[in-house]
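Q: Sequence plus the predicted model coming up.
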Amino acid sequence: MKKSISNLYHLHKGGMESVMESKVKSKLKGRISKYIKWPVYFNIFWIIIVLIVYVIDVKAGFIMSLAEVVHILMTAVIYVRFKPNITKTLIEFGSEYSQIQRQMLHEMEIPYGLIEEEGKILWTNSALDELCPGKNLRNKMIFSIFEDFKDEYLELDENGRSEFHVHTEKGDYRVVLKIFQLKDNSEDSIITEFSHSEGSLISVYMFDETKIRQLTKENREERLVTGHIYIDNYDEVLQSVEATRRTLLVALIDRKINKYFAQYDGIVRKLENDKYFVIFKTKYISKMQTNKFSVLDEVKTVNIGNGLPITISIGVGMGGSTLAENYDLAGSAIDMALGRGGDQAVLKDGNKVYYYGGKSKSVEKNTKVKSRVKATAFRDLIETKETIYIMGHHIGDNDSFGASIGFYRIAKTIGKEAHIVLGEVSSSVIPLVEAFKDMDIYDESMFITGPQATLDITRNDALIIVDCSRAGYTEYPELVRRAQCLLVFDHHRQTTDVIDNAQLSYIELSSSSTCEMVVEIMQYINETVKLTKLEAEAIYGGIMVDTNNFTNRTGVRTFEAAAYLKKNGADITKVRRMFRDDIDDYKARATAIQNTEIYMQEFAISVCLANNVSSPTVVGAQAANELLNVKNVKASFVCTPYNDQVYISARSLDKINVQLLMEEFGGGGHMNLAGAQVKDKSVGEVLAILKQVISKKREEGEI
């Protein structure tokens, strides 16, 4: 390898004399050598002719023999006399050709060089030298010359090639590395051949793409971005002010929105009373991200006596190849913003999603128009299906189970066959499941497993997913992929991996629980849904658990749903008795509370090692609820190791949005009630990450 590099270096620096000095022998080769020797070879042909002539005529053959002897002598004299001169002339031509080639390579405008396999620079042309003025590049490691050059770039692909980009003082360059085989290169010579050891180098080509990248960036920044702006609580805010001031209130909101986007050269058009369409250039997105779409907070400052603060939702779409694609992305973004509770901006850049805001609680809707519309659409959809499958999230809780029971009864009322997909459930649900199995009025196939449902479901069936909008968090994700018709009912904030191919999706953030939602749908299903006493108690239990005994996230509609269930025979005392704790659960929860750490003086963090209880995650959630009763604690987090995962239960008071924190772990939930499941990490690692996330969000002002 070293000898080959030395030979190549002498070829570049000193021509043929340097090559001779380095003991690289040269000789004629190939077609040129054969061309010079062809008269010698041609004598053989004439000898054969002479022999043939001898056979025909001896005298003629003798004369031909004399002529051939003379021809052989003349050929030998000419070959011996002129071969050295011809060889010298050809070699000089080859040397001059090599020098011309070397000069052309050195003066080539494209930066070019040769490096060893480990990255040492051996030779550079003038263009490459000009990229690093004042530096002697030879014998330097290329990593020390170009900071963007990394070790892995020297790992060539199967074709002996590697391509990447680097940034220099002169601009941006596309770098191409190609294998340079010395042996193969010398064998291609048509004049001379060199004897050397085997080896390989890497040739470096650098193509200036500064202008191209600059124009590409300018083209990208000039592309138009579309957005939708919705006023979340338009009707509620208008009702809270005097009729004479409503026009002024709307004008002030319009002014705030138009003023914000005017500074970014944006165009805002009002589509409806509470809806706007906006369009602006991509280059302004970074500024909006820096100020975190400050218009969200600016609109809240509008106050002319309105009892409620005004909140807006923004959905921005970009990254599409056409304006129409950006418009579709903006539509998905605004749906996601509304599905997460409003008062936030969602930027959808192709497949990437960014969230801004979302600090306020979702406003409770007193009107039930949406429930009625969804109930009608729900009935129209399932009437065309044969069998209804109902499934909640993994380790089903009382809200998931109660909602499943509610939809089971609705399906039976309409006259459809129904099954509830059930797997592992929390300890408080187990008695309810046994009670349903013991009653003769229910079919044995009321509860089935996920694998069984996957085998039985057909394209004429429907799958209802309750208390969950993420396929990966359902009881059996494979069933979601198999189902042809999906209906989603949930009250949690949506995340990026939400089920987006559902025929009907009803996400109501203001509802206390999914059980509350199913009760409202029952009342608008256009048929009288008669609940049994056990069914009413199961649904009531779901509401009670999710509201922590009606102390959290309750509204007027929550109590109306509870009243409806009470009318249908729910025994409140029996339900409360059903949720009493075992002594082991109580001790585990007390231990978790005892070992609580107060972080940053207002965050309670603990670990629940509930090894001897039936539902450790439920105990952890209960501990998180109780920690909120501690003075000065604004948010609580309880980590529970279970089934090779760490479950995080997060709770907070009004001012802290724990849902934003849990999204950092791939989870979600509500502003004041959220959770996450962390795989492949220990409890200690999760606690460390949790503290880092809390500190980061506090510094950024997100919580």
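A: The structure has been received and is ready for your questions. Residues are numbered from 1 along each chain as shown.

Q: what about residue 629, how many residues close to it?
A: Residue 629: 9 surrounding residues under other C-beta atoms under 10 Å. Any C-beta I mention is one placed from the backbone N, CA and C, and that applies to glycine too.

Q: List phi and psi for it.
A: Main-chain torsions, residue 629, degrees, to the nearest 10: phi -80, psi -10.

Q: Looking at it now. What's its pLDDT?
A: Looking at residue 629, its pLDDT is 88.

Q: so how far is residue 410 from it?
A: Here the criterion is C-beta to C-beta, to the nearest Å. By it, residue 629 lies 38 Å from residue 410.

Q: Could the C-alpha coordinates of the host helix or strand of residue 217 be exported in PDB?
A: For residue 217, the host element (DSSP states H and E) is helix 210-222. Below are the C-alpha coordinates for helix 210-222, written out as PDB (Å, rounded to 0.1, in the frame of the first residue of the first chain):
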ATOM      1  CA  THR A 210     -24.200  26.900  -2.300                       C
ATOM      2  CA  LYS A 211     -26.400  28.600  -4.800                       C
ATOM      3  CA  ILE A 212     -28.600  25.600  -5.300                       C
ATOM      4  CA  ARG A 213     -29.200  25.300  -1.600                       C
ATOM      5  CA  GLN A 214     -29.800  29.000  -1.300                       C
ATOM      6  CA  LEU A 215     -32.300  29.000  -4.100                       C
ATOM      7  CA  THR A 216     -34.000  25.900  -2.600                       C
ATOM      8  CA  LYS A 217     -34.200  27.600   0.800                       C
ATOM      9  CA  GLU A 218     -35.700  30.700  -0.800                       C
ATOM     10  CA  ASN A 219     -38.200  28.600  -2.800                       C
ATOM     11  CA  ARG A 220     -39.200  26.700   0.400                       C
ATOM     12  CA  GLU A 221     -39.600  29.900   2.400                       C
ATOM     13  CA  GLU A 222     -41.700  31.500  -0.300                       C
END
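
Q: Using CSV, write down the CA coordinates of stretch 236-248.
A: Extracted in CSV, the C-alpha atoms of stretch 236-248 (Å, rounded to 0.1, in the frame of the first residue of the first chain):
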residue,chain,number,x,y,z
GLU,A,236,-70.6,31.2,25.6
VAL,A,237,-68.6,34.4,25.5
LEU,A,238,-71.3,36.3,23.6
GLN,A,239,-73.9,35.2,26.1
SER,A,240,-71.8,36.5,28.9
VAL,A,241,-71.9,40.2,27.7
GLU,A,242,-74.7,42.6,27.0
ALA,A,243,-76.3,42.5,23.6
THR,A,244,-75.2,46.1,22.8
ARG,A,245,-71.5,45.1,23.4
ARG,A,246,-71.4,42.0,21.4
THR,A,247,-70.5,43.7,18.1
LEU,A,248,-67.7,45.5,19.8
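
Q: List the buried residues for it?
A: 236, 237, 238, 241, 246 (16 or more other C-beta atoms under 10 Å).

Q: State the distance from the first one to residue 266.
A: Per C-beta to C-beta, residue 236 is found 28 Å from residue 266.

Q: Wasn't residue 481 part of a helix?
A: Yes - under DSSP: H, G, I helix; E, B strand; the rest coil, residue 481 sits within a helix.

Q: Wait, it touches residue 463, no?
A: No - the criterion here is C-beta atoms under 8 Å, and residue 481 misses it with residue 463 at 10.3 Å.

Q: For those two, indicate the residue with more neighbours.
A: Ranked by neighbour count (other C-beta under 10 Å), residue 481 and residue 463 place residue 463 first, with 24 against 9.

Q: Need the three-state assignment for the more buried one.
A: Three-state assignment for residue 463 (three-state DSSP): strand.

Q: Dihedrals phi and psi, the closest residue to it other than its chain neighbours?
A: Excluding its sequence neighbours, the residue lying closest to residue 463 (C-beta to C-beta, 6 or more residues apart in numbering) is residue 483, at 3.8 Å. Main-chain torsions, residue 483, degrees, to the nearest 10: phi -70, psi 140.

Q: Isn't residue 483 up against residue 460?
A: No - contact criterion C-beta under 8 Å: residue 483 and residue 460 do not qualify, at 11.2 Å.

Q: Comparing those two, which residue is more hemmed in?
A: The neighbour comparison of residue 483 against residue 460 (other C-beta under 10 Å) goes to residue 483, with 23 against 11.

Q: so what's that one up against?
A: Remark: with contacts taken as C-beta atoms under 8 Å, 6 or more residues apart in numbering, residue 483 is in contact with 389, 457, 461, 462, 463.

Q: How about residues contacting the helix holding residue 217?
A: Contacts for helix 210-222 (C-beta under 8 Å, 6+ apart): 170, 171, 172, 173, 281, 282, 283.

Q: all helices in the stretch 401-550 of the chain, in order from the N-terminus.
A: Taking DSSP state H, counting those that start in this stretch as the test, the helices found in the stretch 401-550 of the chain are 430-438, 450-456, 477-482, 514-522, 533-546.

Q: Same check on the stretch 601-703 of the chain?
A: According to DSSP H, counting those that start in this stretch, the helices that the stretch 601-703 of the chain contains are 616-627, 658-663, 683-700.
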